[in-house]
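Chemist: Turn this into a structure:
(one chain, ligands or ions: 2)
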Amino acid sequence: MGKITTAVILISMHMQRPFLYEKKALFLDRDGIIIKMYYDRNFGIIDTPLSVSQIEFVPGIFELLRYAKQLGYLLILISNQPGVGIKKISLKRYNEIKAYISKVLQKHGITLNGQYYCMHHPYASILKYRKECPDRKPSTDLLIKASKDFNIDLKKSWMIGDGIYDIIAGYEAGCKTVLVGNIIEAEYLRILEEKLGNIRPTFLVKNIKEIKTLFAS
Ligand SMILES: [Mg+2]
Ligand SMILES: [Zn+2]
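Modeler: Ligands and ions are numbered 1, 2, ... in the order given. Next up is the predicted model:
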């Protein structure tokens, strides 16, 4: 009898526990934030890396992630990856890149707590991926999913991205946001302003290294 009572108490404590320990997170976009966009000399375009050999990590990202972890933030990737569906990259290559990023982060003492991807695209040529997916940024769905999975207080959390969709998703989910604008110039800002409407990122920085000081304050 005594044993059963104890078990019941333990179960109910376990169920309540998440509410007592709400966590905070750093939600991170992948391309342009963790790894650099790739400049293709042959075509003169900047794009998502399509092979491991094209990957370079963004300067300062390891330091930022280690620091955020020290401050008690969970590290969670939130990424639109339509490349496979639109046949820009094979699933094999895509998985190689994913594994490589994790491996390099690990080598620098960083483990992502969660990785959330939307691989759909409304114009994907592979049918399996063709969908107006509710997960795709600027939708807040993946952020909300992560917040439920990890019991995260979105108001205490940050979304860091280099794209307008990252900022909209973060803002709509109630997070603070940092827009990393690698080219901060008048024209770029004008376009941003237009696309963001009334939404403003909490902070606008030129590079990842500037972010560390924002958390310290
Ligand atoms: Mg990006
Ligand atoms: Zn999706």
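Chemist: hmm, the longest strand along the chain in reach of ligand 1?
Modeler: Longest strand in the chain by number of residues (criterion: DSSP state E): strand 73-80. No - interface with ligand 1: strand 73-80 contributes nothing (Cβ under 5 Å from the ion), its closest point being 7.9 Å away. Heads up, the C-betas are built off the backbone N, CA and C, glycines and all.
Chemist: How far away from the center of its chain is that strand?
Modeler: Computed by Cα atoms, centre = their mean, to the nearest Å, the chain-centroid distance of strand 73-80 equals 4 Å.
Chemist: now swap in stretch 122-141 and tell me
Modeler: Worked out by Cα atoms, centre = their mean, stretch 122-141 lies 17 Å from the chain centre.
Chemist: quick one: buried residues of that stretch?
Modeler: Across stretch 122-141, burial judged by 16 or more other Cβ atoms under 10 Å covers 124, 129-131, 133, 135-141.
Chemist: of the residues you listed, closest to ligand 2?
Modeler: C133 (3.0 Å; Cβ to the ion).
Chemist: quick one, phi/psi of the residue nearest the centre of the chain?
Modeler: Closest to where the C-alpha atoms of the chain average out (Cα atoms, centre = their mean) is L28, at 2.6 Å. Here is the backbone geometry of L28 (degrees, to the nearest 10): phi -120, psi 130.
Chemist: check contacts around it.
Modeler: 34, 75-78, 160-161 (Cβ atoms under 8 Å, 6 or more residues apart in numbering).
Chemist: thinking again about what came up before, what's the longest strand of the chain in contact with?
Modeler: For strand 73-80, the surrounding residues in contact (Cβ under 8 Å, 6+ apart) are 23-31, 34, 65, 68-69, 110-118, 136-137, 142-143, 146, 150, 152, 157-159, 165-166, 169, 215.
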